[in-house]
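*Asks:* Here is the input, now give the coordinates:
(chains A and B)
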Amino acid sequence: MAIKKENVSRRDFLKKSSMFAGGVVFVSLLNPFKVVYATKKPKGKGKWYGIAIDIEKCIGCGSCARACKTENNVPNEPFFFRNWVEQYTITNDEQVMVSSPNGGIDGFKQAVPDEDIYKTFFVPKMCNHCAKSPCTQVCPVGASFESPEGLALVDQNYCIGCGYCVQACPYGCRYIDPAKGVVDKCTLCYHRLQKDLDPACMMACPTGARIYGDLNDRDSAVSLFIKEYNCAVLKPQLNTDSKLYYYALSQEVH
Amino acid sequence: MPLQVKRLLIVFAILIGTMFALKYFLTPESWREFGPYRGNALKEIAAQEAKYIDTKTCAMCHDLIAELKNNGEHNSIQCENCHGPGYKHIDDQENNEMKIPKGREFCIRCHARNAARPLNIIKQIDATEHNIGEDCITCHNPHQPWL
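*Replies:* This is a model prediction of the structure:
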C-alpha cells in the first residue's frame, strides 16, 4: 500500500502531532514520575529500622566488627566484613589518610606522630539499609530485597552469586561469601531482632556509640538521637535515602 | 484473515502459553508475599541461631562477678564482649568453656593511646611505656579496674 502524499496537509500534520504530544503530557500527568522505592515506608504501624552512630564516642576498639563476625559466621580470613571501623587521619599538610587494618578487629596503630596530626577520628561503617537501595534494584533474580521493616536483606538460597549488587553498593557493604558462593551482608541481625535481642554490634559497643531503633516511633532511641544531634548520611548526593545517620561526620569521610 | 497471519497467531499463542506455563512452574513458593522476593526468605533468616546471649543471663549463675563488673568502670561492657558468645555454654558448661583473655594485647585494643580516641570517653596508656612486659591483670582486676 503506497502512502498518498497529497492527503497529508501541513494543517493535518500539525493537528495530529499536537494531539499526540498532548496525549503524552496528559498520560504523564495521570501517573507522575515518582521516586522509585525498593519498599515503601509503612504508614502508621510497622517498624522502620534506622541506625545512628556517634563518631565522637567511637574509640575504635573493633568490638562491633569482632562481635559481628562471630555472630554471623563471617569468614575470618580473607578479610570480609559486614561491619568494620576506619581511622581517618588528616595531617597538618592537609593529607587525608584512611586506615583499617583487618577492619579494626585487631586494634589500630597510629603511624603518624601526634604533632603532625590536624584531626583524627574513627568511623564505623556498616550497611546503610537505604530506602532507595541501589543494591536491591540491580538484582536480576530478586534475591536481594528490602524487608517490610526497611532492612536490605539477601535470600541466600535464591542468590546466584553474580555480584552485581556488590558493585552497585556505593558503600562497599557487600561481599561474596567464598564458601557458599553467594552474597552476604549486614542484616542488622534480623534473626536477633525477631527474638527481641539487640544486634550483635549494638550489644558489643562499650561506649554506646551505636544506636538503632524504629524511625516510625518518635520516642525510640534513634529518633530522639537524630532529633537532638545534627546528623548526616554518607554520600547524600547519590539519593540512596540511607538510614544510617552519623553524628559529627566530617566532610572528608566518603 | 490471510493464511500467513493465522500461522503467526498460532505461533504467538504457543509462545505466550509456554511463557505462562514456565512462570507457573518456576515461580517459587511465597513469591510476592511482601514484594518481588520470596517471603519465606525472611523466615529463613530469622530462624538463625543467636550466639550472644546477654549479661542478665550470665548473672543468673555468675551473680557476684556480674555485680562486681556492673559497679565498676566496665559496667557498659557485656560479659560476652570479652569472654566470647555463650550460646553453647548455657546448655553445657563442661564442654564449652568460655574464653578468659589474659594478655596485654587484649586490653590495649581499647586502652592504647591513640589520638583518635577521645580522652573523656576512655582512659588510655602509652603501651610502649606503661609497665612493659607486665600483664594488665596483675595490677587491675578486669571486672573492676580500680579495685
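*Asks:* which parts of chain B sit against chain A?
*Replies:* With C-beta under 8 Å from any C-beta of the partner chain as the criterion, chain B meets chain A at residues B:28, B:31, B:34-38, B:41-42, B:44-52, B:54, B:74, B:76-78, B:80-81, B:84-85, B:105, B:108-110, B:112, B:114-118, B:121-122. Just so you know, the C-beta spots here come from the backbone N, C-alpha and C atoms, and that holds for glycine as well.
*Asks:* Can you show me the helices along the stretch 51-200 of chain A?
*Replies:* A:63-72, A:134-138, A:164-168, A:190-193, A:200-204 (DSSP state H, counting those that start in this stretch).
*Asks:* Of all those helices, which one is nearest chain B?
*Replies:* Smallest distance to chain B across those (C-beta to the nearest C-beta): 4.0 Å, for helix A:190-193.
*Asks:* what about the closest one and chain B, any contact?
*Replies:* Yes - judged by C-beta under 8 Å from any C-beta, helix A:190-193 comes into contact with chain B at A:190-192.
*Asks:* chain center to the helix ranked longest in chain B: distance?
*Replies:* Secondary structure of chain B per DSSP state H: the longest helix is helix B:3-26. Centroid separation for helix B:3-26 versus its chain: 50 Å, with C-alpha atoms, centre = their mean, to the nearest Å.
*Asks:* do the same with stretch A:227-240
*Replies:* With C-alpha atoms, centre = their mean as the basis, stretch A:227-240 stands 11 Å off its chain's centre.
*Asks:* Please apply the same query to stretch A:197-216.
*Replies:* 17 Å.
*Asks:* Would you point out the helix or strand in chain A whose mean pLDDT is lowest?
*Replies:* helix A:10-30 (a mean of 90; mean pLDDT, DSSP states H and E).
*Asks:* can you give me how far that helix is from the chain middle?
*Replies:* 42 Å.
*Asks:* and that helix, which residues are buried?
*Replies:* In terms of neighbour count (16 or more other C-beta atoms under 10 Å in any protein chain shown), helix A:10-30 has no buried residues at all.
*Asks:* number of nearby residues for A:Met202?
*Replies:* 21 (other C-beta atoms under 10 Å in any protein chain shown).
*Asks:* Chain neighbours aside, what residue packs nearest to it?
*Replies:* For A:Met202, ignoring the flanking residues on the chain, the nearest one in space by C-beta to C-beta, 6 or more residues apart in numbering or on different chains is A:Arg210 at 5.1 Å.
*Asks:* Quick check: phi and psi on that neighbour?
*Replies:* phi -110, psi 130 (degrees, to the nearest 10).
*Asks:* For it, list the residues it contacts.
*Replies:* A:Arg210 makes contacts with A:51-54, A:64, A:124, A:201-202, as judged by C-beta atoms under 8 Å, 6 or more residues apart in numbering or on different chains.
*Asks:* shouldn't B:Pro118 be in contact with A:Ile59?
*Replies:* Yes - taking contacts as C-beta atoms under 8 Å, B:Pro118 lies within contact range of A:Ile59: 7.2 Å.
*Asks:* So between the two, which is more surrounded?
*Replies:* A:Ile59 (23 against 16).
*Asks:* Where does the prediction get shaky in chain A?
*Replies:* Low-confidence segments of chain A (pLDDT under 70): A:1-7, A:31-39, A:44.
*Asks:* quick one, what contacts the residue nearest to A:Asp184 when sequence neighbours are not counted?
*Replies:* Using C-beta to C-beta, 6+ apart and skipping residues adjacent in sequence, the residue nearest A:Asp184 is A:Asp177, 4.4 Å away. Counting by C-beta under 8 Å, 6+ apart, A:Asp177 makes contact with A:75, A:80, A:183-184.
*Asks:* just the buried members of the residues you listed?
*Replies:* Buried, going by 16+ other C-beta under 10 Å: A:80, A:183-184, out of these.
*Asks:* Strands along chain A, start to end?
*Replies:* A:49-54, A:83-91, A:96-99, A:117-126, A:144-146, A:152-154, A:174-176, A:183-185, A:210-214, A:231-232, A:244-247 (DSSP state E).
*Asks:* Pipe the ones you listed into CSV and attach distance to B:Leu15 per row.
*Replies:* Shown next, in CSV, are the strands of chain A (distance: least, C-beta to C-beta, whole Å):
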stretch, distance to B:Leu15
strand A:49-54, 44
strand A:83-91, 48
strand A:96-99, 54
strand A:117-126, 46
strand A:144-146, 30
strand A:152-154, 33
strand A:174-176, 36
strand A:183-185, 33
strand A:210-214, 48
strand A:231-232, 52
strand A:244-247, 46
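*Asks:* Of the ones you listed, which is nearest A:Lys40?
*Replies:* Closest approach to A:Lys40 among these is made by strand A:144-146 (9.5 Å; C-beta to C-beta).
*Asks:* what about the closest one and chain B, touching?
*Replies:* Yes - judged by C-beta under 8 Å from any C-beta, strand A:144-146 and chain B are in contact via A:144-146.
*Asks:* Just give me the closest of the residues you listed to A:Pro170.
*Replies:* For the residues of strand A:144-146 next to chain B, the nearest to A:Pro170 is A:Ser144 (14.7 Å; C-beta to C-beta).
*Asks:* Check whether the closest one really touches A:Tyr158, as I assumed.
*Replies:* No - taking C-beta under 8 Å as the definition, A:Ser144 is not a contact partner of A:Tyr158, at 9.2 Å.
*Asks:* More neighbours: those two, which one.
*Replies:* A:Ser144 (27 against 20).
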